[in-house]
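Undergrad: Starting from these lines, generate the structure:
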Amino acid sequence: MTILITGATGNVGRHLVQLLNAANRPVRALTRDPDNAHLPAGVDVRAGDFTDFTSLEAALEGVTALHLMTSFGPANATVPNSRDLVAAAVKAGVRRVTLLWNGFEGPVEAAVEDSELEYTHLRPGEFMSNALSWAEMIRTEGVVREAYGEIGHSPVDVRDIAAVAALALTEDGHAGQAYTLTGPEVLTAPQQVELIAGALGKDVRYEAEDREGARIRMRAMGIEEDAIEYVLDWRANPPEFAQKVFSTVEDVTGRPARTFAVWARDHADSFR
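TA: Numbering: from 1, shown residues only. As a prediction, the model looks like this:
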């Protein structure tokens, strides 16, 4: 059973490729730049892009399970030609698919649900790895500036999302499920900063930032305008589920979701 991972060098995709490869599952990884993918030996790395439908058809040959992004690129654009893509997957022999949403259900989900594919929705809230955007500030100034930091979220480790996806792609019993994926606790930005400081063993202060200040900072990071507004709107008014704790990770994998403290310790070198 060959499993195709789209977004294979992204936050979730890279960990999913590593998990499946370590379990000796035949894995095909789709990426725009195979020469710089740096994926494990034994992984079938293919060049492809959601804007190049021919490359998707080629990557689907011989595939029976598919991890499908629903958005791509720095602008968080919706995957185009979703019904053609789903039809190509069915024609190629794909039977099972996991769908990683981008915060809302859109045309990709609709196309899959209207098909004969066995599908599992993956619906994470905020990623713990979003805190890596603070790394430069922490390294150079010992400070984190963030807008809407007083609003709590239940961030999830991308490794836990990948673990759920791996099981949904390789085991029975997940078809038709919509998995809401969170971490084990609700945290504000200052609380996350405190946990990062603890992992580093040094003081890191939090400074509240207004929306325009956040825009300026994110533009300087090269983030596109649509993505900036999407992120700020999410942080200002997150969906209700993103401010709650769900036990889905433990229910599916049999072990508790990782805490932010564990994530911070595991990624401490990124902030040094």
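
Undergrad: where does the chain dip in pLDDT?
TA: 75 (pLDDT under 70).

Undergrad: Try it again at 90.
TA: 1, 71-78, 102-105, 221-227, 230-231, 234, 238-239 (pLDDT under 90).

Undergrad: neighbours of Y230, just the number please.
TA: 17 (other Cβ atoms under 10 Å). (Glycine included, C-beta is placed from N, CA and C.)

Undergrad: which of the residues in the one helix or strand A58 maps to are buried?
TA: According to DSSP states H and E, A58 maps onto helix 53-60. Neighbour counts using 16 or more other Cβ atoms under 10 Å place 55-57, 59-60 of helix 53-60 among the buried residues.

Undergrad: go on, stretch 262-272?
TA: For stretch 262-272, by 16+ other Cβ under 10 Å, it's 262-264, 267, 271.

Undergrad: Kindly indicate which of those residues lies nearest V112.
TA: W263 (30.2 Å; Cβ to Cβ).

Undergrad: doesn't that closest one fall inside a helix?
TA: Yes. Under DSSP: H, G, I helix; E, B strand; the rest coil, W263 falls within a helix.

Undergrad: How many residues are close by the residue nearest to it when sequence neighbours are not counted?
TA: Distances taken as Cβ to Cβ, 6 or more residues apart in numbering put M128 closest to W263, at 4.5 Å, once the chain neighbours are dropped. When neighbours are defined as other Cβ under 10 Å, M128 has 25 of them.

Undergrad: Does M128 touch P155 like I think?
TA: Yes. Counting by Cβ atoms under 8 Å, M128 touches P155, with 4.5 Å between them.

Undergrad: Quick check: neighbours shared by those two?
TA: Residues touching both M128 and P155 (Cβ atoms under 8 Å, 6 or more residues apart in numbering) are 183, 260.

Undergrad: picking that back up, so which of the buried residues of stretch 262-272 is the closest to K202?
TA: Closest to K202, out of all of the buried residues of stretch 262-272 and judged by Cβ to Cβ, is F271, at 9.4 Å.

Undergrad: quick one: that closest one from A257, how far?
TA: Going from F271 to A257 by Cβ to Cβ, to the nearest Å gives 22 Å.

Undergrad: just E61 next, same as before
TA: With Cβ to Cβ as the criterion, E61 and A257 are 36 Å apart.

Undergrad: Please give the per-domain residue ranges for this structure, including any split domains.
TA: 2-124, 126-157+183-244+258-272 (automatic domain parsing).

Undergrad: Check those domains for me and report the most buried one.
TA: domain 2-124 (a mean of 19; mean count of other Cβ atoms under 10 Å).
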